[in-house]
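**Student:** Provided below are the primary sequence and the corresponding predicted coordinates.
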Amino acid sequence: MSAAPPLDSDQDTALKVFITGASSGIGRALAEHYAGQGARLGLVARREHLLDSLAKRWPGQTVCFSVDVTDAPALASAADAFTTRFGAPDIVIANAGVSVGTLTEHAADLEAIRRVIEVNLFGIAATFSPFIAAMRQAGSGRLVGIASVAGIRGLPGAGAYSASKAAAISYLESLRIELRGSGVRVVTICPGYVETPMTEGNPFPMPFLMPAEEAAQRFSRAIARGDSYRVIPWQMALAARLLRMLPNAIYDRLLTRAPRKPRNSDTAL
Ligand SMILES: NC(=O)c1ccc[n+]([C@@H]2O[C@H](COP(=O)([O-])OP(=O)(O)OC[C@H]3O[C@@H](n4cnc5c(N)ncnc54)[C@H](OP(=O)(O)O)[C@@H]3O)[C@@H](O)[C@H]2O)c1
């Protein structure tokens with residue numbers, strides 16, 4: 001973590017952006033996108049060496065925190081350090097997430113189920129919580145949750161992931177209404193398939209697959225507009241809407257033979 005002195009926030013008009021899961025994939029692409037605009041960045045992930053190599057590219061405008069998003073006190077310290085250095089953030093993006101195939105009938109998968117829900121759901125709340133008071137006081141800003149199309153209907157073989165993202169969508173909706181009128185907007189983004197380490201081993205076709213850089217561009221536009229809920233890309237939004245309308249009997253028949261994310265209860269998440 002950098003111990004640089006606080007900036008004079010009155011004179012610093014640059015965008016201030018705090019991103020979790022910044023060491024890879026979408027989070028890293030978002031960091032690169034905002035760094036390109038001269039933003040002040042707070043970057044969170046567990047793999048410190050990856051964060052450090054990113055921070056070296058943007059000296060003086062980046063602070064890194066090697067933190068697990070399920071560790072709420074550590075995130076609170078990171079938020080405090082970020083705010084002391086740069087001031088209250090304009091944008092907080094809770095992007096860190098994990099995905100693994102799970103099957104409830106295997107007791108060995110229970111730990112993975114718990115972990116996926118902790119990281120993908122609790123991690124969002126723990127990321128936002130320490131910033132809300134300062135952002136309310138500023139009367140502005142965006143709290144952005146990266147959910148997934150997988151949260152729109154349950155996917156077989158990915159019960160934990162689907163459940164965590166469905167819960168994230170509902171959680172973000174609750175928060176959006178809690179903060180209504182405060183000036184702080186809550187933005188829910190449901191990506192379709194994005195080319196990242198999370199999807200590179202998927203043994204099935206991924207329609208409308210987007211490069212992470214393109215995803216970051218599109219997400220940033222939804223964030224700037226303050227969209228309450230956005231499925232990206234639009235083709236996936238359409239597909240998701242159709243899937244939502246299908247009666248269970250048809251949805252179940254269609255999905256029974258759908259290819260699944262492999263189980264891997266041995267992987268440390
Ligand atoms: N790729 C897609 O097609 C897709 C589609 C829909 C939604 N999403 C969502 O988009 C987000 C980013 O995914 P991605 O595709 O970019 O995956 P990724 O390349 O695997 O990146 C995941 C990021 O989350 C971080 N992370 C994971 N667990 C963490 C923890 N406990 N504490 C702190 N950081 C943690 C990882 O960093 P460390 O390992 O260094 O901690 C990494 O930076 C996720 O929420 C994912 O569910 C992705």
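**Tutor:** Nice, I can see it. Numbers count the residues shown, from 1 in each chain.
**Student:** residues making contact with stretch 43-51?
**Tutor:** Stretch 43-51 is contacted by residues 18-24, 27-28, 31, 54-55, 62-69, 75, 78, 96, 127 when judged by Cβ atoms under 8 Å, 6 or more residues apart in numbering. Every C-beta, even on glycine, is put in place using the N, C-alpha and C of the backbone.
**Student:** could I get the buried residue list for that stretch?
**Tutor:** For stretch 43-51, a neighbour-count test (16 or more other Cβ atoms under 10 Å) marks 43-45, 50-51 as buried.
**Student:** from the contacts of stretch 43-51, which land in strands?
**Tutor:** 18-20, 62-66 (DSSP state E).
**Student:** most surrounded residue in those?
**Tutor:** When neighbours are counted by other Cβ atoms under 10 Å, Phe18 leads these with 31 neighbours.
**Student:** for that residue, give its distance to Pro89.
**Tutor:** 5 Å (Cβ to Cβ, to the nearest Å).
**Student:** which neighbours do the two share?
**Tutor:** Joint contacts of Phe18 and Pro89 (Cβ under 8 Å, 6+ apart) are 42, 82, 131.
**Student:** distance of the residue nearest the centre of the chain from Ala168?
**Tutor:** Using Cα atoms, centre = their mean, the residue of the chain that lies closest to the mean C-alpha position is Asn95, 1.6 Å off. Distance from Asn95 to Ala168, counting by Cβ to Cβ: 11 Å.
**Student:** cool, Asn248 as well?
**Tutor:** Note on Asn248: its distance to Ala168, by Cβ to Cβ, is 23 Å.
**Student:** how about Leu243?
**Tutor:** 18 Å.
**Student:** returning to that earlier point: give the contact list for the residue nearest to the centre of the chain.
**Tutor:** 19-22, 26-27, 30, 144, 146.
**Student:** straight-line length of stretch 115-133, end to end?
**Tutor:** 28 Å (Cα to Cα, to the nearest Å).
**Student:** right, I mislabeled it, should have said stretch 260-269
**Tutor:** OK, stretch 260-269 end separation, Cα to Cα: 18 Å.
**Student:** and stretch 226-244, by the same measure?
**Tutor:** This stretch, stretch 226-244, spans 24 Å end to end (Cα to Cα).
**Student:** now what about that stretch, what contacts it?
**Tutor:** Counting by Cβ under 8 Å, 6+ apart, 142, 149, 152-153, 169, 173, 176, 185-193, 207-208, 210, 215, 218-219, 222, 251 sit against stretch 226-244.
**Student:** just give me how far that stretch sits from the chain centre.
**Tutor:** Here the centre of stretch 226-244 is set off from its chain's centre by 17 Å, with Cα atoms, centre = their mean, to the nearest Å.
**Student:** now check that stretch, is it near the ligand?
**Tutor:** No - when contact is scored as Cβ under 6 Å from any ligand atom, no part of stretch 226-244 falls within range of the ligand; the minimum is 9.2 Å.
**Student:** so what's Glu173 up against?
**Tutor:** Here Glu173 is in contact with 186, 188, 229 (Cβ under 8 Å, 6+ apart).
**Student:** buried set for the helix or strand containing it?
**Tutor:** Assigned by DSSP states H and E, Glu173 falls within helix 159-178. Of the residues in helix 159-178, those with enough neighbours to count as buried (16+ other Cβ under 10 Å) are 159-169, 171-172, 175-176.
**Student:** equivalent analysis for stretch 177-189, please.
**Tutor:** So, applying 16+ other Cβ under 10 Å, buried residues of stretch 177-189: 179, 184-189.
**Student:** before we move on, what about stretch 93-110?
**Tutor:** 93-103, 109.
**Student:** gap between Gly151 and the ligand?
**Tutor:** Remark: distance between Gly151 and the ligand (Cβ to the nearest ligand atom, to the nearest Å) = 9 Å.
**Student:** that residue contacts Gly159, correct?
**Tutor:** No - under the criterion of Cβ atoms under 8 Å, Gly151 is not in contact with Gly159, lying 11.7 Å apart.
**Student:** for Arg230, list each beta-bridge partner.
**Tutor:** Beta-bridge partners recorded for Arg230 (DSSP bridges): Ile189.
**Student:** ok, now Ile91?
**Tutor:** Bridge pairing for Ile91 - DSSP bridges - gives Val17, Arg142.
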